[in-house]
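> Here's my sequence, what's the structure:
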Amino acid sequence: MIDAPDKSLQSPEEFIQQYFEERLVEEMRERASRVPFRERFYAADCRWDSRDSSLGMFQSETILRVMPSEPTAKVVTARTLGCSSHQIRYHLKRHGVSWLIVSVNLWCRFCGGEEGHTDCKTCHGAGWIMDKRKKV
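Numbering: from 1, shown residues only. I've put the predicted structure just below:
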């Protein structure tokens, strides 16, 4: 007899979608808390340090693929900043019925993200820029 999947377990897709939604709310809260600081130090038409592009960038992020491997998963997303698109790979680990992000990698734009380009000075052939503080 095959056990049915536990419906109470959150999928990696559900977790990342929830993360996207709550990250956007948090970014808007942080922006609102910075208004007095910005009014004190910046002219109204100065966009420097305004983080204007962050909302659009966060809103544009979409899931490209999910690679589950219990008790971990990898989720690759894409987001747009200006006229360029960037891929991000989230490494997740199971945490109760949900997940935690344990590390994040950026797609290497210098070699086109193709694995095996060992001459790439940025990713050394991994295709992704790794967080050197965390083993994945």
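
> Neighbours of residue 16, how many?
Using other C-beta atoms under 10 Å, the number of residues around residue 16 comes to 22. For every residue, glycine as well, the C-beta is placed using N, CA and C.

> can you tell me which residues contact the spatially closest residue to it that is not a sequence neighbour?
Distance criterion C-beta to C-beta, 6 or more residues apart in numbering; nearest residue to residue 16, sequence neighbours excluded, is residue 75 at 5.0 Å. Listed by C-beta atoms under 8 Å, 6 or more residues apart in numbering, the contact partners of residue 75 are 12-13, 16, 63, 65-67, 89-90, 92.

> For residue 32, grab phi and psi.
Torsion angles at residue 32 (phi, psi; degrees, to the nearest 10) stand at phi -60, psi -40.

> cool, and residue 15?
Backbone torsions for residue 15, taken as degrees, to the nearest 10, come to phi -60, psi -50.

> show me what contacts it?
92, 98-99.

> Would you map the strands across this protein?
Chain-ordered strands for the chain, with DSSP state E as the definition, fall at 62-69, 72-81, 84-95, 98-107, 128-129.
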